[in-house]
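**Student:** pasting a predicted model and its sequence here:
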Amino acid sequence: MFWLVTCHVCNFLDAVMTLNAVRRGAEELNPFMAYALEKSPGFFLLVKFLIFSYAIDFIAKRSPRLLPLIGAVFLSVVAWHTYILP
């Protein structure tokens, strides 16, 4: 349960930090998410949260042993955002 919550929290932080970075001139590198962001920040958030929530809940039910790995990756993404956005 800890890693599932960690994944959701990190996804939220990644979304907020991505919007902040893009506002400051960064570019979203994921083409699918870049398209969503071009539509609107609200659409970007909706897509990010819906797809991630469905995917991570599916993984939690089918392969819960992967959650620590996914959580560690997302923690690294949040750390990277924190490093590049003073």
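**Tutor:** Yep, it's here. Residues are numbered from 1 along each chain as shown.
**Student:** what strand or helix carries the most centrally placed residue in the chain?
**Tutor:** The centroid of the chain falls nearest to Asn11 when counting by CA atoms, centre = their mean (3.3 Å). For Asn11, the host element (DSSP states H and E) is helix 2-23.
**Student:** determine the set of other helices and strands touching that helix.
**Tutor:** helix 31-39, helix 41-62, helix 67-84 (3 or more CB pairs under 8 Å, 6 or more residues apart in numbering; DSSP states H and E). Where you see a C-beta, it was placed from the backbone N, CA and C, and this is true even at glycine.
**Student:** switch the cut-off to 6 Å
**Tutor:** helix 41-62, helix 67-84 (3 or more CB pairs under 6 Å, 6 or more residues apart in numbering; DSSP states H and E).
**Student:** mean pLDDT lowest where, among those helices?
**Tutor:** Comparing mean pLDDT across the helices and strands packed on helix 2-23, the weakest is helix 67-84, with a mean of 92.
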